[in-house]
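1. here is the input, now give the coordinates:
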Amino acid sequence: MQSVKLPDGNIKVLVEGVERARSVSITVEEGFFRATVRLLSARIEPSPQVQQLVEKITSLYEQFIKAFAEPELRHHDCSGPRR
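-> Sure, this is the predicted structure:
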């Protein structure tokens with residue numbers, strides 16, 4: 001997504017994954033890292049505990065917006081994810 005060349009010559013890179021995975025092995029080849037990965041299931045089964053956490057986070061976010069955000073953000077719809 002983004003890369004920045006640092007003063008010492010190194011490059012800092014920001015990446016975004018599209019799937020969850022676990023590294024099986026990491027090797028260095030010709031100055032580059034090479035990883036072998038195994039894809040993981042990213043499913044989260046709905047449960048009352050997950051729903052309670054989502055509601056709590058939403059409530060805290062709404063409180064934060066009311067207390068600290070810029071006026072134009074105070075009317076943000078916190079009813080759920082946009083699709």
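2. okay, which residue is most central for this protein?
-> Nearest to the centroid of the C-alpha atoms of the chain, with distances taken as Cα atoms, centre = their mean, sits Glu16, at 8.1 Å.
3. and the closest residue to that one other than its chain neighbours, what does it touch?
-> Sequence neighbours aside, Met1 is the residue nearest to Glu16 in space, at 5.2 Å (criterion: Cβ to Cβ, 6 or more residues apart in numbering). Backbone N, C-alpha and C define where each C-beta goes, glycine included. Residues near Met1 by Cβ atoms under 8 Å, 6 or more residues apart in numbering: Leu14, Val15, Glu16.
4. ok, so of these, who is nearest Val24?
-> For the contacts of Met1, the residue nearest Val24 by Cβ to Cβ is Val15; the value is 18.2 Å.
5. the closest one: how many residues sit nearby?
-> The local packing of Val15 (other Cβ atoms under 10 Å) involves 8 other residues.
6. could you check how far it is from Thr36?
-> Counting by Cβ to Cβ, to the nearest Å, the gap from Val15 to Thr36 is 17 Å.
7. likewise Gln63?
-> For Gln63 relative to Thr36 (Cβ to Cβ), the value is 44 Å.
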